[in-house]
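only geometry, no sequence info:
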């Protein structure tokens, strides 16, 4: 009997101890809930709210959400160093309005004491974590990207060369950039939906880049004046002046790449009325006649002298049939049809720029590039007359409408020459070299005279005239098929 009582006493004692332990644990668990506070270990997106009142916990989470929305985002536009800064909120990042704090607060506070105890026991084994549910407003994101693309989109712009107070300057170039809105929205959406917790996001917009063909850096290398030359055309007729200006304007601004050849005939275009040329005096078959485009040979001649001063490579050059008045012998360059052209090559390693000006009766060419010639080296040019050819007799034209005794010289005589052009090279002021540039031959042409119908002519003179006219007729057919040479 005593043994049974003792055993029962032991059992009752154990039960009391167990009850006390359970009671203590329950009290501890209840204490963990803090009464009106949130259970320990509760967090939202890693933000600890355990042991806080509902009000304090809400303030803490609100602050976290605000910081989250204002996290910095750097948007890069290509590799040109262009970027903008914003926040994920402005990119359409949103947090769903759910009462996460209230859910954490309710743990261990509803239902029977055993239900509360069960929740407390369950939560004591691990932290209670809630994840914020987020969304991305793509309409807001698209609107933002479209707005920024208007700022960052740039039209590609090549550098260009222009004259500023007599000096050649290279303008600023610009790399073209265009934002692909749809592709950028897709890329940003994926990134923001996965990495919104990053303290700082770097996003690359989808862009297409168009680099300029000509840059300021490239053009800045060809601003040295290599050579220039000017001639006077102030005594020309209005139509001849117009032709000179038209041809010069078409050459002005020409850029030659290294190794590229310039053709004057191609650049100034065919000399027709449709191309803006007018009838003016020119050479044809030993005569000065009126032809469309008359005067453009002064343009090619002036350009030729600028070219040899710049020491570019002359590929093709022809003298006129007779001497011209605006340059010395062997310094002219005739153009005619497709069989006489002034061509030269950019034999430097940099770009060449040709500036032309025709105003105030002065035609000027300036050739710019990168001057790599020695600073103490200078050049001059010298025309040498090797042979002089005097004209013989007269070319007489009888005008039946003129009275007997009428006589008019319609074209003055032209002396013919064989000539050479030399380039003289000086080093530190000392003549070092004499280089032959070209050889030229110019025809002698007798004066052209118009006489009245009854004008008597000596027999021997008639013989000379008949012989001269016979020779002229032999070549007339051939010469009339050729394009005319401008004076």
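The structure has been received and is ready for your questions. A quick note: this is a predicted structure, and the numbers were derived from the prediction, not measured.

buried stuff in the one helix or strand residue 383 maps to?
Assigned by DSSP states H and E, residue 383 belongs to strand 377-389. For strand 377-389, the neighbour count (16 or more other C-beta atoms under 10 Å) marks residue 383 as buried. Quick note: C-beta positions are derived from backbone N, CA and C, even for glycine.

What is it packed up against?
Other helices and strands packing on strand 377-389, by 3 or more C-beta pairs under 8 Å, 6 or more residues apart in numbering; DSSP states H and E, are helix 296-310, strand 416-427.

Just say which of those is most tucked in.
Stretch with highest mean neighbour count among these: helix 296-310 (a mean of 25; mean count of other C-beta atoms under 10 Å).

I'd like the mean pLDDT over that one, please.
Helix 296-310 comes out with an average pLDDT of 97.

Now do that helix against strand 377-389, angle only.
140 degrees (axes from the mean of the first three to the mean of the last three C-alpha atoms, to 10 degrees).

how distant is helix 296-310 from the center of its chain?
29 Å (C-alpha atoms, centre = their mean, to the nearest Å).

and the angle for it with strand 416-427?
30 degrees.

what's helix 296-310 packed up against?
Counting contacts by 3+ C-beta pairs under 8 Å, 6+ apart, helix 296-310 is packed against strand 224-232, helix 238-251, helix 264-268, strand 313-316, strand 352-359, strand 362-369, strand 377-389, strand 485-486.

Let's have the ones you listed in JSON lines, adding distance to residue 136 and mean pLDDT.
Listed next are the helices and strands packed on helix 296-310 as JSON lines, based on distance: least, C-beta to C-beta, whole Å; pLDDT from 0 to 100:
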{"stretch": "strand 224-232", "distance to residue 136": "57", "mean pLDDT": "97"}
{"stretch": "helix 238-251", "distance to residue 136": "58", "mean pLDDT": "96"}
{"stretch": "helix 264-268", "distance to residue 136": "59", "mean pLDDT": "97"}
{"stretch": "strand 313-316", "distance to residue 136": "65", "mean pLDDT": "98"}
{"stretch": "strand 352-359", "distance to residue 136": "53", "mean pLDDT": "95"}
{"stretch": "strand 362-369", "distance to residue 136": "56", "mean pLDDT": "96"}
{"stretch": "strand 377-389", "distance to residue 136": "70", "mean pLDDT": "96"}
{"stretch": "strand 485-486", "distance to residue 136": "73", "mean pLDDT": "44"}
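
Out of those, the one nearest residue 208 is which?
strand 352-359 (30.6 Å; C-beta to C-beta).

From the rest of the structure, what touches that closest one?
For strand 352-359, contacts defined as C-beta atoms under 8 Å, 6 or more residues apart in numbering pick out 161, 163, 168, 222, 226, 233, 244-245, 248-249, 251-256, 262, 299, 303, 310, 312, 346, 363-369.

Flag every buried residue along it.
Using 16+ other C-beta under 10 Å as the test for burial, strand 352-359 gives 352, 353, 354, 355, 356, 357, 358.

for the stretch 51-200 of the chain, what spans make up the helices?
Ranges of helices in the stretch 51-200 of the chain, per DSSP state H, counting those that start in this stretch, are 54-69, 100-105, 113-124, 138-152, 181-194.

Run the chain-centre distance for the fourth one.
It refers to helix 138-152. On C-alpha atoms, centre = their mean, the centre of helix 138-152 falls 27 Å from the chain's centre.

quick one: stretch 259-270 to chain centroid distance?
Going by C-alpha atoms, centre = their mean, where stretch 259-270 is centred and where its chain is centred differ by 23 Å.

now do stretch 92-102
51 Å.

now stretch 231-238
Remark: stretch 231-238 is offset 37 Å from the chain centroid, using C-alpha atoms, centre = their mean.

Pull out the buried residues from that stretch.
Counting neighbours by 16+ other C-beta under 10 Å, stretch 231-238 gives 231, 233, 236, 237 as buried.

Just give the closest residue to residue 180, not the sequence neighbours.
Closest residue to residue 180 apart from its sequence neighbours, by C-beta to C-beta, 6 or more residues apart in numbering: residue 206 at 4.4 Å.

repeat for residue 131
Residue 131's closest residue in space is residue 45 (C-beta to C-beta, 6+ apart), at 6.2 Å.

OK, contacts around that neighbour?
64, 130, 131, 132, 197.

Distance check, it against residue 68.
According to C-beta to C-beta, to the nearest Å, residue 45 and residue 68 sit 8 Å apart.

one step back: now do the residue nearest to residue 180, the pLDDT please.
Looking at residue 206, the pLDDT reads 93.

measure it to residue 221 for me?
In terms of C-beta to C-beta, residue 206 sits 35 Å off from residue 221.

and the next element down the chain from the strand holding residue 383?
Scanning forward in sequence from strand 377-389 by DSSP H and E, the next helix or strand is strand 395-399.

What residues of that next one count as buried?
395, 396.
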